[in-house]
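Asker: just a sequence and a predicted model for now, questions to come.
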There are 2 protein chains.
Amino acid sequence: MQLNNVPMKVSSYFPFLIWARTYNTGTLGNDLGASLIVVVMLIPQSLAYAMLAGLPPVVGLYASIGPLLMYTIFGSSRTLSVGPVAVVSLMTAAAVSQIATPGSAEYASIAMLLALLSGVFLLISGFLRLGFLANLLSHPVISGFITASGILIALSQLKHLLGISAQGNSLPELITSLTQHATEFNPFTSILSLSVIAFLLFSRNYLKPLLQFAQMRSSMINTITKVGPAVAVVASTLVVAGMKLDEYDVNVVGDIPKGLPGITFPKFDAELWQKLIPAALLISVIGFVESVSVGQTLAAKRRQRIDPDQELIGLGSANLASAFSGGFPVTGGFSRSVVNFDAGAQTPLAGAFTALGNAVATLYLTPLFKYLPIATLAATIIVAVLSLIDFNAIRRAWNYSKSDFTAMMLTIIVTLIFGVEPGVITGVIASLLLHLWRTSRPHIAVVGRVPGTEHFRNIHRHSVETNKRVLSIRIDESLYFANARFLEDSIYELVAENQSVEHVVLLCSAINEIDGSAVESLESVNQHLMESNVLLHLSEVKGPVMDRLKRSHFLELLSGQIFLSQHEAVLKLNFNSTA
Amino acid sequence: MQLNNVPMKVSSYFPFLIWARTYNTGTLGNDLGASLIVVVMLIPQSLAYAMLAGLPPVVGLYASIGPLLMYTIFGSSRTLSVGPVAVVSLMTAAAVSQIATPGSAEYASIAMLLALLSGVFLLISGFLRLGFLANLLSHPVISGFITASGILIALSQLKHLLGISAQGNSLPELITSLTQHATEFNPFTSILSLSVIAFLLFSRNYLKPLLQFAQMRSSMINTITKVGPAVAVVASTLVVAGMKLDEYDVNVVGDIPKGLPGITFPKFDAELWQKLIPAALLISVIGFVESVSVGQTLAAKRRQRIDPDQELIGLGSANLASAFSGGFPVTGGFSRSVVNFDAGAQTPLAGAFTALGNAVATLYLTPLFKYLPIATLAATIIVAVLSLIDFNAIRRAWNYSKSDFTAMMLTIIVTLIFGVEPGVITGVIASLLLHLWRTSRPHIAVVGRVPGTEHFRNIHRHSVETNKRVLSIRIDESLYFANARFLEDSIYELVAENQSVEHVVLLCSAINEIDGSAVESLESVNQHLMESNVLLHLSEVKGPVMDRLKRSHFLELLSGQIFLSQHEAVLKLNFNSTA
């Protein structure tokens, strides 16, 4: 038994030990093919998201090598593709631009530090198995946050499309800044931007039906429609280089330092670290949630599964690798992972091959990016984030639950007006408070017997038999600290309304748990009812709840009895009362 | 109907309109008698708690006039006695001493401001009906906080018992300060302190059995044992005045400005207000929780009830009155309310009479306090807070639930080491996270049919019949954002383990609610299972949950069916599979 446990433990920390056993030439072919497609798609995306984060485009390439290698070793998803991602890049920009000027060497070194800190948080959370903390983010909050981030990202790229300079991390800042710089508008850049956006939207929305019409193989279609950004990059670079548009103030990527990133060491500065901690925490949480959702979606399609706590370790080590190789915070991205999956990647080794491809590109292709226009990268980002903005989700939340809607709208509004960090925090607090509010007032019904049966139903919904000496109360919620007081208050109120009551029976069939606060509440209910000559009984208590109650004094103090069924309770108590 | 609603509404904001209708000479007699006893008991307590808050003792009298009058009008408890209370006084000292020096005029004015702010918070919470927010404090956290506060209070009074000067708001600060000043030790003060403590402990623990032995009427006994502090005050004042002990450096209350407090206006200083907001919020919450617990306990004994939201208004107006009459934060206290209740108070008018008695004392008795030794007041506090310290609660929490124990110990340790505010906040966060952690991993069981019945039970606990094509899963918890991801993950895992499964049936009998996040999780479970050719079904869905699901798209998307019972589900699915 002990011998078996050891390798299990090891393979849970090194998931590659599992898939490596069955690796063969077929899997190798699939992984190699997928990685080639991902590399082509990833290069423009990496450059663009580095720019979104306020960094030189080449940093995006750096962040697409080391992290992928580390994730190959430690990640638990077979198809997740790790690297720069839109929302995390936006959060990086928001955090770092408050401390340093975008473009400066200090800015880049703080971005590395941010990757280091979030890597450390992710690793610690992984070892402490704190993956459940990501559950603090409810779906409406995540969805609202991503929609608002998408709007902010699109707006932040508008300057590149128009060829003007503007700054800002929130809607008011961005709009003010864009208005102030509107006169700098560059017609060449703008025409180029419009052409690229038109091409990307076309290849995204119309190319697929067109190729389907031409009866092309569907795997081929998927590949062709995904390389749109790469085509746009090549074409617009050729146009700019050929027409020497850079001499007409069309911004280009320019000279990029050639070669692989060296090993970098983020500087130690206690005050700076402290300032970055909140941002690093939020980036870890958001990155983790995004990555796990993607990983889980893809794994489920092949009846595989991922281990959220191991994902923390995978993403944590990826971020550490990014920090030590001149990168910035990374996570598992939706679009890149879907490409990887669709292209047939079988194991995380496809990620390692992708890293290799990116390394080759960094070594030999960077001179080709000299004339790559910034506007093309901005257009790529805008078209990519359009899919993040989901106004339908707002309507769905409104229809389904007003409290979900409230949490979502608060997140969207605060994110747009005050920025990403206050937005996430507001969302988390709002959804927690709304949850507590809902469960703090559980549904409590006085029940009576349906004539001729052993069933007990709500006296307000059904025509049932009641007994003025026995009050039967059903509680439709687990009892815990947030509703313990409400429970006490409700019972006292019901007893105060029914002055002839001698027995109160709590029907516990819907109670899955009773915590310490609730036991104390039950004890004081029992005590106070006893003082006014009313006995308290329980019925239909679940096994695990009963086991727990046996560990408190409540059962010794209980003035009444525990009945197996409500029917039995009413039968016996009524008999005793009349006897 | 509308006509009836109006007076109901008014009387819910002015509870005295209810009890005033049936007021008669009998009730008047009871209220007058009770108020007399409370006044005698309250005067030393008020002086002592003002001192604990770092204020001149007379401020305690000021805070026992206006607040009681306001509570008489707006409070919903008939017997709660409002005024200075140990824990709130300690919190006041902790907050104000960070901004001003105890004893200074600025200190007193900041204490008033604190009363004003917490009054405003309580009133706003009352109008917005936010009483449920107090539920954020679980019983283990409250109990741990009160025990730790009791220890801090006792330690903070030690200096007065020994006649030395020491400062501090936490255990390390207090111990360091007491050690440093130990040499100032005054033998006269110490002997006096020991005598008073011995007398108080005797009258508390041994006087009652003695009088019972002497066959005295029990109501009389209760009265006599409660006036112990008043007797100690009179006796020690006489001793100090007679022996001129003040000339031997025994600290006395000294000259007190005669007369009622004037109307005071807390100063407006935006920065100062901002600094005080966190402390004022915590004082409001703690004061409210303490007060509501006491009020509910007493109301239940007479089958009356209190309205927590109206209590917020009652306590809020009491604090405003305190702020505008030179007082400090007040709330409903346990010991004083119990005295009021035991002494036979019938309506809040007893509180008004108590206020009147205190006003008379403030007008005419203050010269008598000149020789009242500070050590006597400190001894009163220490003996009073001994009952707050409850180490048994720690053992109970340990036995009942490790997560309750964790929250309690964290609260105690952080309160002792870092002070009251970090203590409460840590406790609240810890109990929230522990609750989320517990509910984020709900009990999920694969169930099978008990042979020959229609019952389905856990396959790991019972010998049951299962079907390799139909997987029946029971979830023992409401589904909401904190466990939505766990649900998804668990279902995928179970399906991955059972590769021959064609149908998954979720048995929903224990699900009381499904929030928006959980619906989305169910939708993606449905989608992913469909992609791997597994149909998802639900059974035994509760009525309100079904109503809610009808407002989402889930039922349209659902690949399988909704069954009334698990038995029906398995029967039909099995039949279809084999057919």
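Answerer: Yep, it's here.
Asker: which residue ranges of the stretch 301-450 of chain A form strands?
Answerer: Residue ranges of the strands in the stretch 301-450 of chain A, as given by DSSP state E, counting those that start in this stretch, are A:331-332, A:444-449.
Asker: close to chain B: what parts of the stretch 151-300 of chain A are there?
Answerer: Residues of the stretch 151-300 of chain A lying close to chain B (CB under 8 Å from any CB of the partner chain) are A:V292, A:Q296, A:T297, A:A299, A:A300. For every residue, glycine as well, the C-beta is placed using N, CA and C.
Asker: give the other helices and strands that the longest helix anywhere in chain A contacts.
Answerer: As assigned by DSSP state H, the longest helix anywhere in chain A is helix A:270-301. Helix A:270-301 is packed against helix A:86-96, helix A:105-127, helix A:308-324, strand A:331-332, helix A:334-342, helix A:420-440, helix B:481-497, helix B:516-531, with contacts defined by 3 or more CB pairs under 8 Å, 6 or more residues apart in numbering or on different chains; DSSP states H and E.
Asker: closest to A:I146 out of those?
Answerer: Among those, the nearest to A:I146 by CB to CB is helix A:86-96 (6.3 Å).
Asker: leaving out sequence neighbours, find the closest residue to the most centrally placed residue in chain A.
Answerer: The centroid of chain A falls nearest to A:V289 when counting by CA atoms, centre = their mean (2.7 Å). Of all residues not flanking A:V289 in the chain, A:A134 sits nearest, at 4.9 Å (CB to CB, 6 or more residues apart in numbering or on different chains).
Asker: ok, that neighbour - contacts?
Answerer: Residues near A:A134 by CB atoms under 8 Å, 6 or more residues apart in numbering or on different chains: A:V285, A:F288, A:V289, A:V292, A:P308, B:R485.
Asker: so how far is A:S431 from the fourth one?
Answerer: I take that to be A:V292. From A:V292 across to A:S431, the span is 18 Å (CB to CB, to the nearest Å).
Asker: who has more neighbours out of those two?
Answerer: When A:V292 and A:S431 are compared for neighbours, A:S431 comes out ahead with 30 against 26, by other CB atoms under 10 Å in any protein chain shown.
Asker: pretty sure that one contacts A:S138?
Answerer: Yes. If you go by CB atoms under 8 Å, A:S431 and A:S138 touch, sitting 4.2 Å apart.
Asker: intersection of neighbour lists for these two?
Answerer: Counting by CB under 8 Å, 6+ apart, the common neighbours of A:S431 and A:S138 are A:A407, B:F481.
Asker: distance of A:A94 relative to chain B?
Answerer: 25 Å (CB to the nearest CB, to the nearest Å).
Asker: isn't A:R438 right up against A:S403?
Answerer: Yes. The pair A:R438 / A:S403 is scored as a contact, 6.4 Å apart, by CB under 8 Å.
Asker: picking that back up, correct me, but the residue nearest to the centre of chain A touches A:L136?
Answerer: No. The criterion here is CB under 8 Å, and A:V289 misses it with A:L136 at 9.3 Å.
Asker: what does the stretch 301-450 of chain A put close to chain B?
Answerer: A:301-305, A:308, A:396-397, A:399-401, A:403-404, A:431-433, A:435-443.
Asker: can you flag the buried ones in those?
Answerer: A:303-305, A:308, A:396-397, A:400-401, A:403-404, A:431-433, A:435-436, A:438-440, A:442 (16 or more other CB atoms under 10 Å in any protein chain shown).
Asker: chain neighbours aside, what residue packs nearest to A:G327?
Answerer: A:A63 (3.3 Å).
Asker: an error on my part: the question was meant for A:P544.
Answerer: The nearest residue in space to A:P544 (CB to CB, 6+ apart) is B:H443, at 7.2 Å.
Asker: what do you get for A:P367?
Answerer: A:P367's closest residue in space is A:K258 (CB to CB, 6+ apart), at 7.1 Å.
Asker: pLDDT wise, what is the one you found at?
Answerer: On the pLDDT scale, A:K258 is placed at 75.
Asker: wait, what's in contact with it?
Answerer: A:L363, A:T366, A:P367.
Asker: how about the secondary structure of it?
Answerer: Classification of A:K258 by DSSP: H, G, I helix; E, B strand; the rest coil places it in coil.
Asker: separation between it and A:V383?
Answerer: With the distance defined as CB to CB, A:K258 ends up 29 Å from A:V383.
Asker: what residues are up against A:K208?
Answerer: Shown in contact with A:K208 (CB under 8 Å, 6+ apart): A:I221, A:T225.
Asker: after the regular element (helix or strand) spanning it, which helix or strand is next?
Answerer: Per DSSP states H and E: A:K208 is located in helix A:207-213. Using DSSP H and E, the helix or strand that follows helix A:207-213 towards the C-terminus is helix A:218-226.
Asker: dump the residues of the stretch 151-300 of chain A next to chain B to CSV, plus pLDDT and distance to B:Y23.
Answerer: Converted to CSV, these look like this (pLDDT from 0 to 100; distance: CB to CB, whole Å):
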residue, pLDDT, distance to B:Y23
A:V292, 83, 64
A:Q296, 74, 66
A:T297, 74, 68
A:A299, 76, 71
A:A300, 68, 69
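Asker: which one of these sits in the busiest neighbourhood?
Answerer: The most crowded member of those, judged by other CB under 10 Å, is A:V292 (26 neighbours).
Asker: what sits against that residue?
Answerer: A:V292 sits next to A:G131, A:A134, A:I306, A:P308, A:E311, A:G332, B:R485 when contact means CB under 8 Å, 6+ apart.
Asker: do the same with A:R441
Answerer: Residues counted as contacts of A:R441 (CB under 8 Å, 6+ apart) are A:N483, A:F486, B:F132.
Asker: and with 7 Å instead?
Answerer: By CB atoms under 7 Å, 6 or more residues apart in numbering or on different chains, A:R441 lies in contact with A:F486, B:F132.
Asker: ditto for A:G326
Answerer: Listed by CB under 7 Å, 6+ apart, the contact partners of A:G326 are A:V59, A:Y62, A:M112, A:P261, A:T264.
Asker: ranges for the helices of the stretch 1-150 of chain A?
Answerer: Taking DSSP state H, counting those that start in this stretch to define them, one finds helices in the stretch 1-150 of chain A at A:2-13, A:16-20, A:25-52, A:58-62, A:66-74, A:86-96, A:105-127, A:139-162.
Asker: now do the helix or strand that comes right after the last one against helix A:139-162, angle only.
Answerer: Per DSSP H and E, helix A:139-162 leads on to helix A:171-180 as the next helix or strand towards the C-terminus. Orientation check (axes from the mean of the first three to the mean of the last three CA atoms, to 10 degrees): helix A:171-180 against helix A:139-162 gives 10 degrees.
Asker: list the contacts for the residue nearest to A:L410 when sequence neighbours are not counted?
Answerer: Nearest non-adjacent residue to A:L410, counting by CB to CB, 6+ apart: A:A430, 4.8 Å away. Shown in contact with A:A430 (CB under 7 Å, 6+ apart): A:T406, A:A407, A:L410.
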